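Chemist: After the sequence you'll find the predicted model.
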Amino acid sequence: MDEYQIWTLWSSNRIGDGLNFIATVLLIWLALRVAAATRASDETNLFGKLVSTAFGLSVLAASFMQWTNAVTNWVITARSLDSLEDKSETAVGFIEYVGTTVPPNTPTTGAMVLLAIVAIIILAQIWTPKK
């Protein structure tokens, strides 16, 4: 595989990553709405709270996975470029920017912090007592 093919694949994968990001943002918004509706309803019982919690945590788990895949796309591209004998200055700069050729098991630190904050908001909306 040559450098042009690697860049083409990376670019194509970025489109998918962008669509997945939009989907996860919409799902996180929906999970927050479900949590708020669960809190606002006077008729919500334990089962409703458990289902709302399961939905919210499932959305966060799916977001974690999609964002990990997005980071992995960058790392695998850097690895592929690094394996080339003849590479451009742009490829060398990309490899240095990414900083690793070992695929991660997690999204970026910022993404994990965001997901943790959203998890706290969802759980607090559902489970904290109303005043």
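Modeler: Structure received.
Chemist: what's the pLDDT at G18?
Modeler: G18 is assigned 95 on the pLDDT scale.
Chemist: List the buried residues for the host helix or strand of it?
Modeler: Secondary structure from DSSP states H and E places G18 in helix 3-40. By neighbour count on 16 or more other C-beta atoms under 10 Å, the buried set for helix 3-40 is 6-7, 10, 13, 17, 20, 24, 27-28, 31-32, 34-35, 38-39. Glycine gets a C-beta too; all of them are placed from N, C-alpha and C.
Chemist: Only alpha carbons, please: show stretch 34-41 as CSV.
Modeler: In CSV, the C-alpha atoms belonging to stretch 34-41 read as follows (Å, rounded to 0.1, in the frame of the first residue of the first chain):
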residue,chain,number,x,y,z
VAL,A,34,-35.0,10.8,29.3
ALA,A,35,-33.3,11.4,32.7
ALA,A,36,-34.9,14.8,33.0
ALA,A,37,-38.3,13.3,32.1
THR,A,38,-37.9,10.5,34.6
ARG,A,39,-37.1,13.0,37.3
ALA,A,40,-40.0,15.3,36.4
SER,A,41,-42.7,12.6,36.3
